[in-house]
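> kindly return the folded structure for what I paste below:
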Amino acid sequence: MKNLILLIGLLISTFSFSQKLIIKIQESNTFYSYSESKNLKVLLENSSLVSNDVVNTQYVIDLDEKTSSFYRNGKLVSVLPINIIKLNQTQFQIEILEEGFDYGLIVNTDIKNESVTRYVFYSSLTEINVMTNFEIVKPS
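This is a model prediction of the structure:
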């Protein structure tokens, strides 16, 4: 009986301390760049604004399971594996690992400088979405 209670306690604690970063996006600016660079700063300097989009999307980044769940209008669209690269204390790159595609997010969680940028590298251009209206919900 003690073992059963201990096992239940361990399971509950495992599920209750999941490390998830939730990014809720309402609006973004879309840029296209024809530069061959993979440096987003260089790409943005050499890009043109294509549109300002109202979107209702959300990324749930599971830091423990290393997955990204993508929602559009509240409906789950995909769950994909990710690779996380820590760029500094508050900024990291999330590579979304989908076969045949090269895309991801750059996220800055510094409360004074929060930002989210999505990038998609195609063979002849790069699409960059700079989030202008978003919320980052950090794990507690």
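
> host element of the residue sitting nearest the centre point of the chain?
Centroid check for the chain by Cα atoms, centre = their mean gives Leu105 as the closest residue, at 4.6 Å. If you go by DSSP states H and E, Leu105 is part of strand 102-108.

> the strands in this structure, which residues?
Assigned by DSSP state E, the strands in the chain fall at 20-33, 47-62, 67-72, 75-86, 91-96, 102-108, 115-121, 126-137.

> lowest average pLDDT across those strands?
For those, mean pLDDT drops lowest on strand 47-62, to a mean of 91.

> and the angle for it with strand 91-96?
Angle, strand 47-62 to strand 91-96, by axes from the mean of the first three to the mean of the last three Cα atoms, to 10 degrees: 80 degrees.

> what pairs with strand 47-62, parallel or antiparallel?
Sheet pairing for strand 47-62, assigned by DSSP bridges, gives strand 20-33 (antiparallel), strand 67-72 (antiparallel).

> can the ones you listed go into JSON lines with extra columns for mean neighbour count?
In this view, the C-beta of every residue, glycine as well, is placed from N, C-alpha and C. Formatted as JSON lines, those follow (neighbours: other Cβ atoms under 10 Å):
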{"stretch": "strand 20-33", "mean neighbour count": "18"}
{"stretch": "strand 67-72", "mean neighbour count": "17"}
